[in-house]
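# Fold the following.
(chains A and B)
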Protein chains: 2
Amino acid sequence: MSSNPFYSGVSRRVLLSALAVLPASAGPLLPLPVRAQTDPLASWNDGAAKQAILSFIAAVTREGSPDFVPPSQRIATFDNDGTLWVEQPIPVQLAFALDRVKAMAPLHAEWKDKQPFKAALEGDITTLAASGDHALVELVMATHAGMTTEEFQKIVVDWFTTARNPRFKRPYTDLAYQPMIELLAHLRTSGFKTFIVSGGGIEFMRPWTERIYGVPPEEVVGSSIKTRFQMRDGRPELFRLAEVNFIDDKAGKPVGINEFIGRRPIAAFGNSDGDLEMLQWTTMADGRRLGLIVHHTDAEREYAYDRNVTLGRLDKALDIAAMSKWVVVDMKNDWKRIFAFE
Amino acid sequence: MSSNPFYSGVSRRVLLSALAVLPASAGPLLPLPVRAQTDPLASWNDGAAKQAILSFIAAVTREGSPDFVPPSQRIATFDNDGTLWVEQPIPVQLAFALDRVKAMAPLHAEWKDKQPFKAALEGDITTLAASGDHALVELVMATHAGMTTEEFQKIVVDWFTTARNPRFKRPYTDLAYQPMIELLAHLRTSGFKTFIVSGGGIEFMRPWTERIYGVPPEEVVGSSIKTRFQMRDGRPELFRLAEVNFIDDKAGKPVGINEFIGRRPIAAFGNSDGDLEMLQWTTMADGRRLGLIVHHTDAEREYAYDRNVTLGRLDKALDIAAMSKWVVVDMKNDWKRIFAFE
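Predicted coordinates for the structure are as follows:
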């Protein structure tokens, strides 16, 4: 792992300390009000969403509270795409897959006439989105399999150093939501373990989640392809196979949570119908629980979308949120700022 | 989880403190020498094995050491059966399955004439062991599937409260190896995360690993069957299906480590050929590494076996251990005592 600049090589505690001082030391780019020094959710506007979060954390952490939860059972799970970072105009991992198709195309002359590769090479997202999950799986298999886990990690890390979001012209890892980074840190300070539970590829996320979110690889749950242990030239390796292992989305999220974590969360955070079952599994149980949906309502600073998109659609879960007393974050009004660079 | 007496309901730190004071407060049953108060491996005799462990831990934790490893990368993985607790005369989970077959038999009249159930009902281990993996999988499916995860957890917990090892006449959880419990605790005190990586069922282990080993559910990797998320009477549940999901044994162990932990361990502990690939994956890499095999050499206090058994066989890995410079623990000579109750 020494070749991976995303691995911090420092303990989680040190990393958190670094995150905590970041606003203060980063200078004029980050004009924070004075209260930021004491408010753990400084990038959240005062309002119902922020109050609901703080009230929940206070209730489950205060000794003697009827809602008290021992630290070992303070498990919080976070979706990634659209909950912790930007997923528009296309999910980051799809942008990665398209770039990989382009990079690999010289070795695959047949792709220029064959879907979904033709659409990928032409950047024709409309055709890709309309061609369904099968086409996306085919793209993933062609670009994410056929190498060792170490080789894939290097490909991911190298890609992140040069790739840029087309609207913000910034590295994708700059596009994590500052309010959610603060929330992750505040939960950990309050004795929670914070897990990522994403439909995205587990090996695509692990190289950078510790640096960006303070979430180490062992606390990331995601979709995966199968790997095979083998010896090559007398050295053991794990080889990535073009075969789906697990899809960590929709009803797969509670399954993944149970398999990887083995405890039921008491708080869950999502932004789309892909998170519905995770929110149900987390909140429809005894004891104090928190379910939260990030609603993308800010076309000016980020994006505004819910029922009207294919990837990242928020429809059924938005209807159920009201009945279930989940907190719905209105990004435009609840977030003072969205990115650290603002 | 409130109905589960094995869940401590206390933080890991508190649990470790409790484990640490256990020998001192448990009275005459535990006659420890005075040095136990300062020696983290008090149940280990001075010798090459103990020195190799202490030397490794010192090398990777001392700032400025050429072998220094940052805390976040201090990952240690432990096999369970035969490495952390007794696996003879039959593995604990097989004893559980046999008891379940007996308990369920009144509802399955056909079992008394049908293998492997007939052998299970008759306690005919020889026939069972000879009938291969397929028969064992059939027993597991009949006894471990067809209920929710919560229902299965209760069955496991209830079983442990009454089941007894036939030789030692004690609860199975009393038969954890005291030297290994000390080693787990000492590694954690030294900044390691200690994971269990077992061929045993992940849901069979999680209800008690925190209490016995100080290893919380989210740091347990094991074999599993598939589960399905569903709503029943308006409540979400995970239903256990009679379908293999993952076999965490042999070449499956590095695969499971990569999937669940996402980091390569720097230390691994096993006792059988089922741990060979985990030991190779851990030790055949750059930087200081520790591989260790518990060799069962003490027929008087526990059991003596290696190449001569079907379940828990140590054969190929014992040959490779010498070439690979893995530490081979001679249980008879290296362990001052084996169990906490001695």
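
# drop to CA atoms for contacts and neighbour counts, all remaining ones
Noted.

# now the helices: where do they sit in the stretch 201-342 of chain A?
Counting by DSSP state H, counting those that start in this stretch, the stretch 201-342 of chain A has helices at residues A:202-213, A:252-260, A:276-283, A:316-324, A:331-334.

# touching chain B at all, the second one?
Yes. Interface with chain B: helix A:252-260 contributes A:252, A:254-255, A:260 (Cα under 8 Å from any Cα of the partner chain).

# between these, which is nearest B:V328?
Nearest to B:V328 among the residues of helix A:252-260 next to chain B: A:F260, at 31.1 Å, using Cα to Cα.

# Confirm for me that that closest one is in contact with B:P216.
No. Look at A:F260 against B:P216 with Cα atoms under 8 Å: they stay out of range, at 11.7 Å.

# For the residues of helix A:252-260 next to chain B, name the two members farthest from one another.
Maximum pairwise distance among the residues of helix A:252-260 next to chain B (Cα to Cα): 11.9 Å, between A:G252 and A:F260.

# quick one: which of the residues of helix A:252-260 next to chain B is most hemmed in?
Using other Cα atoms under 10 Å in any protein chain shown as the neighbour test, these are led by A:P254, with 30 neighbours.

# OK, contacts around it?
Listed by Cα atoms under 8 Å, 6 or more residues apart in numbering or on different chains, the contact set of A:P254 reads A:277-278, A:281, B:229, B:238.

# mind putting these in JSON lines, pLDDT and distance to B:D67 included?
Below are these laid out as JSON lines (pLDDT from 0 to 100; distance: Cα to Cα, whole Å):
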{"residue": "A:E277", "pLDDT": "98", "distance to B:D67": "45"}
{"residue": "A:M278", "pLDDT": "98", "distance to B:D67": "42"}
{"residue": "A:W281", "pLDDT": "98", "distance to B:D67": "44"}
{"residue": "B:F229", "pLDDT": "98", "distance to B:D67": "46"}
{"residue": "B:L238", "pLDDT": "98", "distance to B:D67": "44"}
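
# Ranking by neighbours, what's the top pick from those residues?
Within the contacts of A:P254, A:M278 tops the neighbour count with 32 neighbours, counted by other Cα under 10 Å.

# how near is that one to chain B?
The spacing between A:M278 and chain B, counted by Cα to the nearest Cα, to the nearest Å, is 10 Å.

# show me the contacts for A:V255.
A:248, B:227-229, B:238 are the contacts of A:V255 under Cα under 8 Å, 6+ apart.

# So which of those are in strands?
Mapping the contacts of A:V255 onto strands (DSSP state E) picks out B:227-229, B:238.

# ok, which stretches of chain A are strands?
Under DSSP E, chain A gives strands at A:75-78, A:193-201, A:220-232, A:235-246, A:267-270, A:290-297, A:304-305, A:327-330.

# Tell me which of these lies nearest to A:V137.
With Cα to Cα as the criterion, A:V137 lies closest to strand A:235-246 of those, at 8.4 Å.

# Kindly report the residues of the stretch 101-250 of chain A close to chain B.
So the stretch 101-250 of chain A meets chain B at A:203, A:206, A:217-219, A:221, A:227-229, A:235-238 (Cα under 8 Å from any Cα).

# wait, which of those residues is closest to chain B?
For those, the minimum distance to chain B (Cα to the nearest Cα) is 4.2 Å, reached by A:E218.

# can I assume the closest one is in contact with B:G256?
No. Taking Cα under 8 Å as the definition, A:E218 is not a contact partner of B:G256, at 11.7 Å.

# related to what we said a few turns ago, so which two of the ones in strands among the contacts of A:V255 are the farthest from each other?
Most distant of the ones in strands among the contacts of A:V255, by Cα to Cα, are B:T227 and B:F229, 6.8 Å apart.

# Neighbours of A:M180, how many?
Neighbour count for A:M180, taken as other Cα under 10 Å: 23.

# thinking again about what came up before, turn the helices of the stretch 201-342 of chain A into a markdown table, columns for distance to B:L121.
Shown next, in a markdown table, are these (distance: least, Cα to Cα, whole Å):
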| stretch | distance to B:L121 |
| --- | --- |
| helix A:202-213 | 43 |
| helix A:252-260 | 31 |
| helix A:276-283 | 38 |
| helix A:316-324 | 48 |
| helix A:331-334 | 61 |
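
# Can you check which of those gets nearest to A:P116?
helix A:202-213 (21.0 Å).

# Check which helices and strands the closest one is in contact with.
Helix A:202-213 is packed against helix A:149-162, strand A:220-232, with contacts defined by 3 or more Cα pairs under 8 Å, 6 or more residues apart in numbering or on different chains; DSSP states H and E.

# could you give the angle of that helix to strand A:220-232?
Going by axes from the mean of the first three to the mean of the last three Cα atoms, to 10 degrees, helix A:202-213 is angled at 130 degrees with respect to strand A:220-232.

# Could you quantify the relative orientation of helix A:202-213 and helix A:149-162 as an angle?
Computed by the same axes, to 10 degrees, the angle separating helix A:202-213 from helix A:149-162 equals 50 degrees.
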